Every structure is written in C-alpha cells, then in structure tokens.
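Predicted coordinates and the sequence they were generated for:
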Amino acid sequence: MSHKHQKRRRGHFCWSCQRLRANEKFSGRGHARHLCKDCSRLGKEEINYRQATRNMDRLLTWDGRIRRGRLQQLEEYLKHENERVRA
Ligand SMILES: [Zn+2]
C-alpha cells in the first residue's frame with residue numbers, strides 16, 4: 001500500500017478527467033465522489049462509462065495483460081448494461 005496521506009489539500013484529483021483540480025471545481029456532491037463540476041455535467045451514462053473503463057484498467061497490468069485472478073471480474077463487464085462498456 002502506498003502512502004496517500006496529505007495534511008493539506010489544495011484540491012482534489014478528479015478520477016474522471018484524471019486531473020488535480022481546485023476545491024472550487026467540486027460541488028458538495030462532487031467532492032465526496034471526487035468528480036469535478038465539469039465532469040458532473042457529462043451525464044450519468046458518460047460517467048458510468050468512464051467509471052467502468054477505469055475499473056477495467058485496474059484489472060490489467062501496465063502492458064495490457066489481465067492480472068492474475070482478475071479474469072472473472074473482467075468478464076463481468078462483458079455483461080454490463082452499457083454497450084460501450086461491453087465493447
Ligand atoms: Zn473532472
């Protein structure tokens with residue numbers, strides 16, 4: 001486990017646009033979800049899609065291989081409700 005602890009934060013990292021953004025770029029709800037205002041406006045479908053692709057990336061190694069024991073998790077995405085995720 002890496003140490004992520006920071007005493008003072010100037011902003012939050014938005015997982016959706018993969019950027020560190022100032023606190024004012026996050027609304028109350030976005031703060032908790034680490035989703036900036038710009039990304040909040042993308043719509044539920046786009047956000048779900050980004051979230052799923054991000055989760056899938058985590059199941060892969062840096063060179064695009066499926067991590068040991070993660071194949072089953074990855075296969076779950078083939079049944080995802082969103083066809084873009086399935087693709
Ligand atoms: Zn964002």
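Sure, I can see it.

make it CA atoms for all contacts and neighbour counts henceforth
Noted.

so is L20 in a helix, a strand, or just coil?
strand (DSSP: H, G, I helix; E, B strand; the rest coil).

so who does the closest residue to it other than its chain neighbours touch?
Leaving aside its sequence neighbours, L20 sits nearest to F13 (C-alpha to C-alpha, 6 or more residues apart in numbering; 4.1 Å). Going by C-alpha atoms under 8 Å, 6 or more residues apart in numbering, F13 touches R19, L20, R21, H34.

The third one pairs with what?
Read that as R21. Note on R21: beta-bridge partners H12, judged by DSSP bridges.

and the worst-scoring helix or strand of the chain on mean pLDDT, how far out from the chain's middle?
Every helix and strand of the chain was ranked by mean pLDDT, DSSP states H and E. The lowest is helix 28-33, at a mean of 75. Using C-alpha atoms, centre = their mean, to the nearest Å, the mean C-alpha position of helix 28-33 is found 14 Å from that of the whole chain.

What of stretch 34-45?
Worked out by C-alpha atoms, centre = their mean, stretch 34-45 lies 11 Å from the chain centre.

mind listing the strands in the protein by residue range?
Per DSSP state E, the chain carries strands over the ranges 11-14, 19-22.

weakest of these in terms of mean pLDDT?
If these are sorted by mean pLDDT, strand 11-14 sits at the bottom with a mean of 90.

related to what we said a few turns ago, for the ion, state which of the contacts of F13 is nearest.
Checking these against the ion by C-alpha to the ion gives R19 as the nearest, at 6.6 Å.

tell me the contacts of R10?
A22, N23.

Could you report the neighbour count for N48?
N48: 14 surrounding residues under other C-alpha atoms under 10 Å.

gap between it and the ion?
13 Å (C-alpha to the ion, to the nearest Å).
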